[in-house]
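Enquirer: Only the shape, not the letters, is given here:
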């Protein structure tokens, strides 16, 4: 390859695809690889007439660093992020709550506190107290997919690890 412009485009493409996104934001790499490229992590965008808007998440699941309202579904789990930033979690035989905004870092990772309440099938005594305890919801959002691990506070026991897809109908089998 004797054309230095082509070498620059290839080098920038490689850097853009494999380096942390912060290296390409506002650099000539974004311009060299085109107006918009989806890598599964970030979407580099440019306003009409050039310039640099920076980076944003390609599927709009995360806007301005906050996980947006919507439904995430997977096997044995549903996550409903509300417009106030918190979320409710529904499992086959339990439910949970996240009382604050889920704010992933630049690589899509998050770690938020919440609660987990066990449910049981069949009749429940009127005086029965629910088994609710503190948990950590940790995970990573990449594109329209989320990996989520729920860990019990204090003991560190993993309650479950799940894969969720944004907008997907959950597959739940509620205890009744």
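Expert: Everything's here; your move. Keep in mind that what you see is a predicted model, and the values were worked out from it rather than measured.
Enquirer: Quick check: buried residues in stretch 135-155?
Expert: When burial is assessed from 16 or more other Cβ atoms under 10 Å, stretch 135-155 yields the following buried residues: 135-137, 139, 141-151. C-beta: built from backbone N, CA, C; applies to glycine.
Enquirer: Return the subset of those lying in helices.
Expert: Per DSSP state H, helices hold no members of the buried residues of stretch 135-155.
Enquirer: Tell me which two of those sit farthest apart.
Expert: Pairwise distances among the buried residues of stretch 135-155 were taken by Cβ to Cβ; the largest, 25.4 Å, belongs to 135 and 143.
Enquirer: now residue 122: how far from residue 130?
Expert: Residue 122 sits 15 Å away from residue 130, going by Cβ to Cβ, to the nearest Å.
Enquirer: same thing with residue 93?
Expert: In this structure, residue 93 lies at 12 Å from residue 130, with Cβ to Cβ as the measure.
Enquirer: between the two, what contacts are shared?
Expert: Taking Cβ atoms under 8 Å, 6 or more residues apart in numbering as the criterion, residue 93 and residue 130 both touch 118, 119.
Enquirer: hang on, the earlier thing: compare residue 122 and residue 130 (neighbour count), which wins?
Expert: Neighbours per residue, other Cβ atoms under 10 Å: of residue 122 and residue 130, the larger number sits with residue 130, 13 against 6.
Enquirer: Chain neighbours aside, what residue packs nearest to the more buried one?
Expert: residue 117 (5.0 Å; Cβ to Cβ, 6 or more residues apart in numbering).
Enquirer: what's the answer for residue 101, then?
Expert: Nearest non-adjacent residue to residue 101, counting by Cβ to Cβ, 6+ apart: residue 85, 3.2 Å away.
Enquirer: Looking at the one you found now. What's its pLDDT?
Expert: Looking at residue 85, its pLDDT reads 76.
Enquirer: Check for me that it belongs to a strand.
Expert: No: under DSSP: H, G, I helix; E, B strand; the rest coil, residue 85 sits outside any strand and is assigned coil.
Enquirer: Please verify my assumption that it contacts residue 66.
Expert: Yes: the criterion here is Cβ atoms under 8 Å, and residue 85 meets it with residue 66 at 6.4 Å.
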